[in-house]
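K.L.:
compute the structure for the input listed below.
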Amino acid sequence: MNKKRVDIHCYDDIINLPHHVSKVHPHMPIPDRAAQFAPFAALTGHDAAIKETARLTEERVELDENAKAVLDEKLRLVQEVLTENPELTVTYFQADEKKAGGTYLSITGNVKKIDMYAQALLMADGLRIPLKEIYDLEGNLFGFVENMD
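P.N.:
As a prediction, the model looks like this:
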């Protein structure tokens, strides 16, 4: 075995010298020095991508013919009383902008207009809901239509 012999006196000439302080560069504050050793995120955005992938969306439900007929009747009744700005709870599908599927939302508010040209329900607060995305309409106005289900 070949062991290297360590000379413990090899740094004796510099061990007691004073600490060097630069005259050109200012002293770095301790928090900045600590930041040099902070974890490095090599995969920037990776956590956000994982969270986005894990976020759940729902599939759009296709209404059967009976449900479509009930919804059409409800829209007809709303059209008849539009001048009264009826209050409704509208459940509709909102497609997700980033991935397949979306979510069902329910909002309650007053109906301002049914725009047949644009095929949208316009609420008093300015929200425009495409008619093809409406899943259900609820309100006092539908007492007897609800029983058709």
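K.L.:
so which elements touch the longest strand anywhere in the chain?
P.N.:
Longest strand of the chain, by residue count under DSSP state E: strand 102-115. Helices and strands touching strand 102-115, by 3 or more C-beta pairs under 8 Å, 6 or more residues apart in numbering; DSSP states H and E, are helix 65-80, strand 87-95, strand 120-123. (Each C-beta comes from the backbone N, C-alpha and C, glycine too.)
K.L.:
ok, and for stretch 97-105, which residues are buried?
P.N.:
G102 (16 or more other C-beta atoms under 10 Å).
K.L.:
now that stretch: average pLDDT?
P.N.:
Mean per-residue pLDDT for stretch 97-105: 86.
K.L.:
just to be sure, K132 is in a helix?
P.N.:
Yes: under the criterion used here (DSSP: H, G, I helix; E, B strand; the rest coil), K132 sits inside a helix.
K.L.:
quick revisit: closest one to T44 among the helices and strands packed on strand 102-115?
P.N.:
Among the helices and strands packed on strand 102-115, strand 87-95 comes nearest to T44, with 28.2 Å by C-beta to C-beta.
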